[in-house]
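**Student:** With the sequence up front, the predicted model follows.
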Amino acid sequence: MASQRRKTILIVEDDPDISQLVKHYLEKDGFHAHIAKTGLDAQKLVVSEHPDLVILDLMLPEMDGLEVCKALRNKPETASLPIMMLTAKNEESDTIVGLELGADDYVTKPFSPKELVARVKALFRRLERTSEEQPTSLSYGPLLMDLTRHEVTVKGKEVSLTAKEFGLLELLLRHPGRVLTRDMLLNSVWGYDYYGTTRTVDVHVRRLKVKVPFLGETIVSVKSLGYKLSDQPLTS
C-alpha cells in the first residue's frame, strides 16, 4: 500500500549534535532522513530528494528558517509541503511569523526527540486520513474541497493550503453554524499532544481568510470562545 511507503524527512539544522540526534530517532522509528546545514542546501535537497516533511530550524547560516519557509511556500511544487519548525523559547515572535508564512507546526528547544517523532507521526496521520465512511468532498458556496485529492478550489481555481489550513477549513465546513472553541480546534487539527497556545488557531484562521477572501465575512469570531462558519455562504 502507498501509505506504507517509507517517509522521507529533511532535517534543516546547522548544529550537528541536534541534527544527528533527530536523524537517529527518526530512522529508529522507520523514517528515512536527510540533513541540510544551511537554508540554501535545504532548498536544493527539497528538489533532489522530494521529502515528505521538512523539520526546519529558525536560526540558520546564509538564509534563516523564516526565509526558507517563505521560499518553499511561494513555489507551487512545495506550497503544501509540511513544515515543522524548531524554535527557541525566546523566539515567540519569530514562531508567530513562521506560522503566518505557512509552517504547519513547531517544537520548542530544548525538546525530547521522542516528542518530536510523536509530533511528526501525528502530522502524517492527519495528512494520510482515509475516510471511506466520510464524504469525498465538501462544498460551501463557490468553494469545493476534494478530500481524496487534498485539494481546495474556489470557482474552479485551486487554492494552495498547508496541512493545518486544510484541516482547519475541513472542520469548519463539517460543522457550519456551530461554534468551535479554540481548544477544540487545537485538539482536532493539531492533536491532543500539542503544546502550543490558542494563538496558533487565530494565526491560521487569519491566513485562511487571506487565501480565500470570501471566507473573511463567513468565518465569524465568537468573542472569548472560538469561531464558527456561517450557515449560508455569501452569494455575490
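**Tutor:** Structure received.
**Student:** CA only for contacts and neighbour counts going forward, please
**Tutor:** Noted.
**Student:** need the contact list for the residue most central in space within the chain.
**Tutor:** Geometric centre of the chain, nearest residue: Asp104, 2.3 Å, by C-alpha atoms, centre = their mean. Going by C-alpha atoms under 8 Å, 6 or more residues apart in numbering, Asp104 touches 82-84, 162-164.
**Student:** can you do 10 Å?
**Tutor:** 80-85, 98, 123, 162-165, 190, 200, 204 (C-alpha atoms under 10 Å, 6 or more residues apart in numbering).
**Student:** Ok, Ala79 next?
**Tutor:** Ala79 makes contact with 69-73, 102, 160-162 under the criterion C-alpha under 10 Å, 6+ apart.
**Student:** if we look at the helix or strand of the chain with the lowest mean pLDDT, which residues are touching it?
**Tutor:** Among the helical and strand segments of the chain, the one scoring lowest on mean pLDDT, DSSP states H and E is helix 92-101, with a mean of 77. Helix 92-101 has contacts (C-alpha under 10 Å, 6+ apart) with 58, 65-74, 83-89, 102-108, 164, 199-208.
**Student:** CA atoms of it as PDB?
**Tutor:** Backbone C-alpha positions of helix 92-101 (Å, rounded to 0.1, in the frame of the first residue of the first chain) are rendered in PDB as follows:
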ATOM      1  CA  GLU A  92       7.900  33.600  20.200                       C
ATOM      2  CA  SER A  93       7.600  36.500  17.700                       C
ATOM      3  CA  ASP A  94       9.500  34.500  15.100                       C
ATOM      4  CA  THR A  95       7.300  31.500  15.700                       C
ATOM      5  CA  ILE A  96       4.200  33.500  15.000                       C
ATOM      6  CA  VAL A  97       5.800  34.900  11.800                       C
ATOM      7  CA  GLY A  98       6.700  31.300  10.800                       C
ATOM      8  CA  LEU A  99       3.100  30.200  11.300                       C
ATOM      9  CA  GLU A 100       1.900  33.100   9.300                       C
ATOM     10  CA  LEU A 101       4.300  32.200   6.500                       C
END
